[in-house]
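Colleague: got a predicted structure here, sequence first:
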Amino acid sequence: MRLKEIQRTAHQAWSPAGHHPIYLALGTAAQQLDASFNTTAAIEIFEMDFSDPSLDMQLKGSLATTNRLHSIVWVNFGSGADGTGGRLVGGSENGTLTVYDPEAIMNSSGEAVVGQSDKHTGPVRALDFNHFQSNLLASGANDSEIYIWDLNNFSSPMTPGAKTQPAEDISVVSWNRQVQHILASANPSGKAVVWDLRKNEPIIKISDHSNRMHCSGMLWHPDVATQLVLASEDDRLPVIQMWDLRFATSPLKVLENHTRGILSISWSQADSELLLSSAKDNRILCWNPNTGEVIYELPTTNQWCFDVEWCPRNPALLSTASFDGRITVYSVMGGSLKAQQQSTAERISSSFDTMDPFGTGQMLPPLQVPQPQVQDTIVPPLKKPPKWVRRPVGASFAFGGKLITFENPKLPPVQSPQPVPRQVFVSQVTTETEFLQRSRELQTALQSGSFNSYCQAKIQSSKSDAEQDIWKFLLVNFEDEARIKFLKLLGFSKDELERKISKCLGKNFQPNGHGVDAKDLAEKMQRLSTEVRTSANVRYLFSSCVSPVPFKTLFENSNFQIPVSCDTDGLISQALLVGNFEGAVDLCLNDGRYAEAILLSISGGEELLKKTQQKYLSKQKNSISMLISSVVTQNWKDIVQSCELDNWKEALAALLTYAHPEDFARLCDTLGSRLECEGTEKRCLQACLCYICSGNIEKLVECWALYRDCSSPLGLEDLVEKVMMLRKSIERLRNCEVAVQSPVLAEKLTCYAGILAAEGSLTTALSFLPHQPFQPQSPSTAGPPAFPPPGPSMPAATLSGPQLPPSSSAAGGLPPMPSPGVPPISFMPPTSSGFAPPRSQPGAPVPVYPGSLHNQGTAPPSVPYVPPGSGYPQGGPGAPAAKPFPAPADEFMLHQQFSKNVTNVSFIDIPKLNCLVHCFFPHSLQYTLLYIQVPDNYTPPAPITAPVMRFPVEAAQPHDNTQVPPGAPQEPSVQLLQQLPSEKVQQKEIPPEHMVLKSTFDSLVQRCQLAAGDPQTKRKLDDAAKRLGHLYDKLREQSLSHNILSGLHEISRCVASQNYQRGLEVHTQVVSSSNFSEISAFMPILKVVMTIANKLGV
């Protein structure tokens, strides 16, 4: 691309590389005339201002000379400290060699000519300076004259040796670029001589055997000391020959592309693969001497170019001198000509006076001519990148923590054109060693399922007590009886407390002393299996497991008086005599007789009992009254909202002991929110413990991120470790994946995955990325949450196995036998109060003989519900228990099932059977079983619906020495219950519109079973075939929502088309937008089947 141009017929010389700005010196060329036949001569210096888009050069200085020049060089000798200055040396046509000071020429001050000699007898056509010693200058003229000049002593030159014979003109001299004492000269006949200045003699001569080589230029290789090139001006041999002095018999390489003789050559000192040549065919070519390929051709006019020169400072620039009188500066890097074209157009326009172009004194009207749009011409650069734009070394970071490095070492040039192999190094950079180690440990624990050992290791390595407490709480979530262990972590041990109570009361602590001896119970159960007693008559016996307590009156041997006076005692007596329990209670409360008031309110009904409780508790203002009120009324909301935050442990312990699973998570979150609002780090960690108990991952993340620094990799690792462990504990208890829709967690996990990816752990990073970006839903369009709320969301029967259906008829064709001992609804565990409403006022005692059982008209008196003893459910709070307890309705069906299985027995030991049933059903220990031998025509009596008198109303305590409050449900003996046989019932038909689901899924399981090879997969498929029965039962009952049914049909269509990936996506959408209790029995196994099918490709 052309950058600058000026009308001159001259030889040229660039300022040295250390000179700034860049100057171009021009000396009027000898033996050339312009159209005006001007014979003057001068040396001019121009500055290259490339910020100016025009082609003009700025003249900095000029000096008239007496002789025109054949050659000119700018020597880096005598430069100042800033690199400016130097010397200009010109060889004239009359043999004069003149040294100029360029600073004096540009400043027009002082003597510009600093040295001059006329030792040569003819025109000085050849000049070159030594690149190692800039004071040494070589010149060549006629008659084989070669002089070596020392610019420090310009008057006495030296010769390299004896003149060569026959005497010829010296057309070019050149110093070797690698060895400072080697000089070469060439003459027009094509011969080249290499001189050794240490010996003052030639050491080798090179000549072309064709005798057609007319040498116009010679240059040493910039990198290889033994190689040089010769250019031929002969039109019969327009070539450039590359010679190697080690093989001087013939050229090493010949560059042929010009069609006429070559006038000038120039070899780039910045890149030895760039060689310029200009010839009489009006072309300027740039060669790669190693390959002989032309890699660039400059756009020139139809004129010969007799001189080309590379710029030493800017290697992309070159200058040319042509016979049409133009000095042009080009760039081999290409570019746009738009700025130059615009500048030319403006210059032409400004040349005319638009006001009065013809000098007539009259203004012309403006010419409305559309402005021509300047076309943008793009000049392409070199075909290959030059060395000066190639980085010697380079480094770049890539995705995944990869570091890409390369280097271009300066290798010795090779003679063959074989490409030099380059190496690029890819290395993994890790800056967070501890972060990666902890991440690998977490990933190993997640994949292997060794959560307990992982939490244990974290507890041991914790640096603070608060961190240790958090990991202890997380560990409990993976263990059984989580609530009890949470209590122990809070500092509340039931065994220790019972010891303290026994010590306070002066009693001996007996771990198994709760009224039923374990050894005695075991002996009786053993005898039950071997002894069978017969009876032909109706047998009515009570259970021998619990001994009845004999009734004793308060006054056995003394008479007492009933007061009827007008004082408080008399009024209470009168109220009791007429049955006014409410008045009697009010009198007792007014007189401060709280115990009597509570006892009377029990007989007055549930409503009166509640009122009495409220009045009593409202008058108690001591520190324990609030806790007692919450225990009695089961109102734990006031505790968590009103207690002192310093008592957060006590409040959390109360929730762990009493709160119902459905309310437990919400109450824990409320307590955690109060702690979090305090705004201190200590309260934040305490709130995190509450959120861990409730299983609330979102709140845990938000609280932790608010008060802990998660910007650093290790801080983020701390959060992710805790979130993953809490999430896995919930997934373990729910037996399904847990999707957490939290924008804060999504942001943290994305950042965590980004750090892992930057450290090179791409696979691990992908596993932590959220499946889809979190998009908050508006209240009007928000569906069910993808994360089911903590707490039991499935009925116990679903978790512990299929529910036992009620039979339509008993064995032997009889109607179903009611299960004796089943408590009425009023005796079921209450949800808000610890007492059950009585069925009626207490009246006459219940007859205990057989004939009165089914004729009794009134119900027996009810007693307050005493919570039966049992352990806490397995699994942590915030998730359904692993072994759930049966609900009262489920217990009723289990009683029915058991009664059906024993009605065929004609003779059975009823006491032993009672004992066995009490072991199976601890809820019913206070009830009596009655069995009779049933004749064929016997109509069964009405079932017993109340406790029989003379039996203790206190429930027998469990054998594990644990007392459980009303809010903590019990755990039955699931293994014994599973042994009970179930009775086949008539199943409903699946609706026709849903039959396609059954056929599609069954067919998929069968195909997978045929294709599966390993036993583990076959076992999974066998289990899937069984568990899909839960789906079909739901379809028969028509209990699935429309959203779930639509998703199942979409999954069925995906399965039919074998698009399992789409089916898994639909599966995820259905699970995340549905009630978990509806789909927990079949959706997880359906995902397993589709995953196996996708893997097997069936």
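Modeller: Received the coordinates, thanks.
Colleague: what comes up buried for stretch 995-1008?
Modeller: Using 16 or more other C-beta atoms under 10 Å as the test for burial, stretch 995-1008 gives 997-998, 1000-1001, 1004-1005, 1008. Every residue, glycine included, has its C-beta placed from N, CA and C.
Colleague: again, but for stretch 644-661
Modeller: The neighbour-count check on stretch 644-661 (16+ other C-beta under 10 Å) flags 648, 650-661 as buried.
Colleague: over to stretch 748-764?
Modeller: Neighbour-count burial for stretch 748-764, with 16+ other C-beta under 10 Å as criterion, is recorded at 748-749, 751-753, 755-761, 764.
Colleague: repeat for stretch 224-240
Modeller: 224, 226-235, 237-240.
Colleague: distance between the ends of it?
Modeller: Using C-alpha to C-alpha, to the nearest Å, the end-to-end distance of stretch 224-240 comes out at 17 Å.
Colleague: use 14 as the first number for this chain going forward.
Modeller: Renumbered: residue one is now 14, and that last one reads stretch 237-253.
Colleague: returning to that earlier point: closest to residue 217 out of the buried residues of stretch 761-777?
Modeller: For these, the minimum distance to residue 217 (C-beta to C-beta) is 58.8 Å, reached by residue 773.
Colleague: correct me, but that closest one touches residue 412?
Modeller: No: the criterion here is C-beta atoms under 8 Å, and residue 773 misses it with residue 412 at 9.9 Å.
Colleague: how about the secondary structure of residue 722?
Modeller: Following DSSP: H, G, I helix; E, B strand; the rest coil, we place residue 722 in the coil state.
Colleague: phi, psi of it?
Modeller: With angles defined as degrees, to the nearest 10, residue 722 sits at phi -70, psi 110.
Colleague: follow-up on the earlier one: pull the most distant pair out of the buried residues of stretch 761-777.
Modeller: Taking C-beta to C-beta as the measure, the buried residues of stretch 761-777 span a maximum distance of 20.4 Å, between 761 and 773.
Colleague: which one of the buried residues of stretch 237-253 is nearest residue 1051?
Modeller: Nearest to residue 1051 among the buried residues of stretch 237-253: residue 237, at 92.4 Å, using C-beta to C-beta.
Colleague: and the closest one, how far from residue 280?
Modeller: Note on residue 237: its distance to residue 280, by C-beta to C-beta, to the nearest Å, is 11 Å.
Colleague: for residue 778, same thing?
Modeller: For residue 778, the distance to residue 280 equals 53 Å [C-beta to C-beta].
Colleague: quick one: residue 778 from residue 771, how far?
Modeller: Distance check for residue 778 against residue 771: by C-beta to C-beta, it reads 9 Å.
Colleague: I should have written residue 102 there, sorry.
Modeller: The spacing between residue 102 and residue 771, counted by C-beta to C-beta, is 60 Å.
Colleague: using PDB, list the CA coordinates for stretch 141-151.
Modeller: Provided in PDB are the C-alpha atoms of stretch 141-151 (Å, rounded to 0.1, in the frame of the first residue of the first chain):
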ATOM      1  CA  ASP A 141      28.100   0.100   2.600                       C
ATOM      2  CA  PHE A 142      29.000   0.400   6.300                       C
ATOM      3  CA  ASN A 143      30.000  -2.200   8.800                       C
ATOM      4  CA  HIS A 144      27.100  -3.100  11.100                       C
ATOM      5  CA  PHE A 145      29.500  -4.100  13.900                       C
ATOM      6  CA  GLN A 146      31.800  -1.000  13.700                       C
ATOM      7  CA  SER A 147      29.800   1.900  12.300                       C
ATOM      8  CA  ASN A 148      32.900   4.000  11.700                       C
ATOM      9  CA  LEU A 149      34.100   1.500   9.000                       C
ATOM     10  CA  LEU A 150      32.800   2.300   5.500                       C
ATOM     11  CA  ALA A 151      33.500   0.400   2.200                       C
END
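Colleague: buried residues in that stretch?
Modeller: By neighbour count on 16+ other C-beta under 10 Å, the buried set for stretch 141-151 is 141-144, 147-151.
Colleague: what's the closest of these to residue 88?
Modeller: The nearest member of those to residue 88, counting by C-beta to C-beta, is residue 142 at 4.6 Å.
Colleague: show me the contacts for the closest one.
Modeller: 86, 88-90, 102, 149-151, 188 (C-beta atoms under 8 Å, 6 or more residues apart in numbering).
Colleague: show me which pair in those is furthest apart.
Modeller: Using C-beta to C-beta, the contacts of residue 142 reach their maximum pairwise distance at 89 and 151, which is 15.3 Å.
Colleague: what comes into contact with the lengthiest strand in the chain?
Modeller: As assigned by DSSP state E, the longest strand anywhere in the chain is strand 82-92. Strand 82-92 is contacted from outside by 23-32, 38, 40-44, 54, 56, 98-106, 114-115, 136-142, 147-148, 150, 164, using C-beta under 8 Å, 6+ apart.
Colleague: return the subset of the buried residues of stretch 761-777 lying in helices.
Modeller: In helices, judged by DSSP state H, the following of the buried residues of stretch 761-777 are found: 761-762, 764-766, 768-771, 777.
Colleague: now render those residues as TSV, adding distance to residue 448 and pLDDT.
Modeller: What follows is those, written out as TSV (distance: C-beta to C-beta, whole Å; pLDDT from 0 to 100):
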residue	distance to residue 448	pLDDT
761	14	88
762	15	88
764	12	91
765	10	89
766	13	90
768	7	90
769	9	90
770	13	90
771	10	88
777	11	88
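Colleague: using the three-state scheme, assign residue 38.
Modeller: With three-state DSSP as the criterion, residue 38 reads strand.
Colleague: what sits against the spatially closest residue to it that is not a sequence neighbour?
Modeller: Counting by C-beta to C-beta, 6 or more residues apart in numbering, residue 38 lies nearest to residue 26, which is 4.7 Å off, once chain neighbours are set aside. Taking C-beta under 8 Å, 6+ apart, we find residue 26 in contact with 37-38, 40, 85-87, 101, 322.
Colleague: export the host helix or strand of residue 26 as PDB, just CAs?
Modeller: Following DSSP states H and E, one finds residue 26 within strand 23-27. Only the C-alpha atoms of strand 23-27 are listed here, as PDB (Å, rounded to 0.1, in the frame of the first residue of the first chain):
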ATOM      1  CA  ALA A  23      17.200  10.600  -6.600                       C
ATOM      2  CA  HIS A  24      19.000   7.800  -4.700                       C
ATOM      3  CA  GLN A  25      17.600   7.200  -1.200                       C
ATOM      4  CA  ALA A  26      18.800   6.400   2.300                       C
ATOM      5  CA  TRP A  27      16.700   5.700   5.500                       C
END
